[in-house]
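1. Generate coordinates for the sequence data below:
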Amino acid sequence: MLITFGMIDLARANMLRNTAENAVYEGARAGITPGATAVKAENAAKLVMNAIAVQGATYSVSPATITSATSSVTVTVSVPISSNLWASKVLFGSKKITRSCKLTREKTNGL
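-> Residues are numbered from 1 along each chain as shown. Here you go, the predicted model:
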């Protein structure tokens, strides 16, 4: 039983890592479009992470204010592993999965 639960938790840890990768990309993608805001980028990342019921994730968007002069947007997500596993909390302790994505901002002729 211990091996079975361990395998399930390792699969869940891998799913957390993959979802964090997708969340930062989707957040950055939402933040680089014309008229985007940091709140819109953060909400896009949260939407992806909420799909698998992630607990305790922190989100960061840089720059905090996206303007027409902004050249790129970076979104970072940090997920505490122990808050999101079911059995293997002892193995991971206070470690976090942190992912970041930086994309160049899209611009139109008018911006």
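2. In the chain, where's the longest helix?
-> Secondary structure of the chain per DSSP state H: the longest helix is helix 2-32.
3. what pLDDT, on average, does it get?
-> This predicted structure assigns helix 2-32 an average pLDDT of 93.
4. what helices or strands is that helix leaning on?
-> Counting by 3 or more C-beta pairs under 8 Å, 6 or more residues apart in numbering; DSSP states H and E, the packing neighbours recorded for helix 2-32 are helix 38-50, strand 58-62, strand 72-80, strand 96-104. C-betas here are computed from N, CA, C, even on glycine.
5. Tell me which of the ones you listed is the most buried.
-> Each of the helices and strands packed on helix 2-32 was scored by mean neighbour count; the highest is strand 72-80, a mean of 21, by mean count of other C-beta atoms under 10 Å.
6. and the angle for that strand with helix 38-50?
-> 40 degrees (axes from the mean of the first three to the mean of the last three C-alpha atoms, to 10 degrees).
7. starting at the chain centroid, how far to strand 72-80?
-> Taking C-alpha atoms, centre = their mean, to the nearest Å, one finds the center of strand 72-80 at 5 Å from the center of the full chain.
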